[in-house]
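J.: What would the 3D arrangement of this be:
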Amino acid sequence: VLNIVRFSSFSRKIHRYSPTEAAKVYEKPLNRKTLPIFEPQHTLEILRSVYDEDTRSEEEKRQKLVEDYLEVWFLN
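T.: As a prediction, this is how the structure comes out:
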């Protein structure tokens, strides 16, 4: 008899549940962090100056660029 009473009480709670209930008991507040705006101009200027000062041929520069890219890619 006690089990029937417990189940009956539980059953009533289930029927009262509503997914659109105003109280959001299980939701956590979202804290967004503000990140700085990405502005690569300074880095690009440095890379351009290094590239302009390079005395190798265009083909050698391209080969070096590919080698550098692959080196970084293999590190990941």
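J.: Tell me where the chain has helices.
T.: 2-16, 41-53, 58-75 (DSSP state H).
J.: Comparing the ones you listed by mean pLDDT, which bottoms out?
T.: Mean pLDDT values for the helices of the chain show the minimum at helix 2-16, a mean of 56.
J.: Other residues contacting stretch 62-72?
T.: Arg56 (CB atoms under 8 Å, 6 or more residues apart in numbering). Glycine gets a C-beta too; all of them are placed from N, C-alpha and C.
J.: at 10 Å what do you get?
T.: Stretch 62-72 is contacted from outside by Tyr51, Asp54, Arg56, Ser57, using CB atoms under 10 Å, 6 or more residues apart in numbering.
J.: Just the buried ones among these, please.
T.: Neighbour counting by 16 or more other CB atoms under 10 Å classes none of those as buried.
J.: Make CSV out of those and add distance to Pro29.
T.: Converted to CSV, the contacts of stretch 62-72 look like this (distance: CB to CB, whole Å):
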residue, distance to Pro29
Tyr51, 48
Asp54, 52
Arg56, 56
Ser57, 59
